[in-house]
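**Student:** build me a structure from this.
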Amino acid sequence: MSTADELVVHYANYIKGKAIIITGVSPGSLGAYFVQAIAKGRPAWIILATRDVKKAQQTEAAIAASNPDVKTRILPLDLESLQSVREAAAIINGWSDIPVVDVLVNNAGKLVNEYGVTVDGFERQLATNHLGHFLFTNLIMDKILASSARRIVNVSSDGHRLSPFRFEGYNFGGDNDYDVLRAYGQTKTANILFSTSLAKRLGEKHGLLAFSLHPGVILTNAVDNVDLATLPDRLRALDRVLGNVEGRADYSPDILPIEKGTATHVYAAFDPNLSAHNGAYLLECRVADPLTDTIKPWATSPFEAEKLWRLSEKLVGQKFSY
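**Tutor:** Numbers count the residues shown, from 1 in each chain. The predicted structure follows:
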């Protein structure tokens with residue numbers, strides 16, 4: 001499997017001159033490695049959307065150190081706050097020097113070990129991993145559609161196998177009902193369904209491409225607040241209950257280094273041949289095969305995708321028609 005850096009060389013002509021926005025760019029994260037890799041392809045802009053500006057400044061400094069000619073900008077964005085999302089989108093839409101967004105990578109995500117709700121009343125993983133991105137993406141859609149590239153990447157996970165979207169229990173019911181793995185699973189399912197909806201609603205009419213992806217099993221700071229010592233056993237126990245192959249006693253996933261884990265990010269964002277597979281779920285720099293790869297039917301159902309779009313509009317308090 002190729003590394004992100006190798007693919008950047010391969011796709012350099014498709015990266016050059018592009019304006020790229022990515023969420024989730026703390027040092028050591030998938031997002032940080034991705035932007036440092038693609039900077040070598042000489043994009044016009046890399047916009048770092050983040051809740052923690054100080055951490056983003058470290059990533060920005062790393063880009064400047066190796067590729068000083070690449071322009072960067074930090075965008076304050078707290079995906080747990082719909083108000084913050086709206087403010088961030090308004091800032092982007094007001095930038096006259098960045099008239100288009102060629103590629104949006106919704107990369108930010110988290111595992112939250114203890115139950116909690118946001119200021120808007122949503123379970124924290126649901127807010128960060130899906131609802132914030134849903135609103136942000138739609139609010140800046142005009143700038144995305146103004147580009148000739150028009151591509152959106154939603155970073156999901158094979159963790160979507162852990163739960164379909166819980167339409168009647170998406171917020172869980174508090175500590176006694178909360179399961180961090182099922183909560184995470186439903187948000188990763190949501191990422192795939194969101195890409196399906198984007199491709200359906202905006203693909204044929206507006207030429208938008210949208211993809212979701214599984215980067216591989218990688219240990220990053222997204223799991224810093226989860227007990228890693230017990231996580232494998234907890235995962236295996238839930239997979240066993242769900243009848244997943246990952247629940248077998250002899251199952252052992254390959255742990256990827258971050259340079260390979262971000263390769264599918266680069267592939268999803270820039271491969272020109274993916275236009276024939278709009279809405280696809282990707283892994284290992286290829287389109288996933290539902291017969292041999294872990295991809296659950298609840299994550300690819302167009303009916304589930306439509307239900308989630310309508311629910312998401314209701315939860316963020318705004319409808320989007322294209």
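**Student:** and the residue lying closest to Asn129 once chain neighbours are set aside, how far is that from Asn278?
**Tutor:** The shortest distance from Asn129 to any non-neighbouring residue, by Cβ to Cβ, 6 or more residues apart in numbering, is to Thr187 (3.6 Å). C-beta here means a position set from N, CA and C on the backbone, and glycine is covered the same way. According to Cβ to Cβ, to the nearest Å, Thr187 stands 22 Å off from Asn278.
**Student:** comparing these two, which residue is more hemmed in?
**Tutor:** Legend: neighbour count by other Cβ atoms under 10 Å for Thr187 and Asn278, higher for Thr187 (30 against 20).
**Student:** host element of that one?
**Tutor:** For Thr187, the host element (DSSP states H and E) is helix 180-206.
**Student:** how far off centre is the very next helix or strand once past that helix?
**Tutor:** As assigned by DSSP H and E, the chain's next helix or strand after helix 180-206 is strand 209-214. Remark: strand 209-214 is offset 8 Å from the chain centroid, using Cα atoms, centre = their mean, to the nearest Å.
**Student:** mind giving me the packing neighbours of the helix or strand bottoming out on mean pLDDT in the chain?
**Tutor:** Every helix and strand of the chain was ranked by mean pLDDT, DSSP states H and E. The lowest is helix 231-242, at a mean of 88. In terms of contacts (3 or more Cβ pairs under 8 Å, 6 or more residues apart in numbering; DSSP states H and E), helix 231-242 is packed against helix 180-206.
**Student:** next, the angle helix 180-206 makes with the least confident helix or strand of the chain.
**Tutor:** 70 degrees (axes from the mean of the first three to the mean of the last three Cα atoms, to 10 degrees).
**Student:** list the contacts of helix 231-242.
**Tutor:** Arg161, Leu162, Asp179, Leu181, Arg182, Val223, Val245, Glu246, Gly247, Arg248, Ala249, Tyr251 (Cβ atoms under 8 Å, 6 or more residues apart in numbering).
**Student:** mind running it again at 7 Å?
**Tutor:** Residues outside helix 231-242 that contact it (Cβ atoms under 7 Å, 6 or more residues apart in numbering): Leu162, Leu181, Glu246, Gly247.
**Student:** in it, what's buried?
**Tutor:** Leu231, Leu235, Arg236, Leu238, Asp239 (16 or more other Cβ atoms under 10 Å).
**Student:** out of these, which comes closest to Met1?
**Tutor:** Leu235 (22.7 Å; Cβ to Cβ).
**Student:** distance check, the closest one against Ala210.
**Tutor:** When Leu235 is compared with Ala210 (using Cβ to Cβ), they lie 28 Å apart.
**Student:** need the strands for the chain, in chain order.
**Tutor:** 19-23, 45-50, 71-76, 103-106, 151-155, 209-214, 281-283, 286-287 (DSSP state E).
**Student:** show the pLDDT at the residue nearest to Asn129.
**Tutor:** pLDDT recorded at Thr187 is 98.
**Student:** and Pro297, by the same measure?
**Tutor:** The model's pLDDT for Pro297 equals 95.
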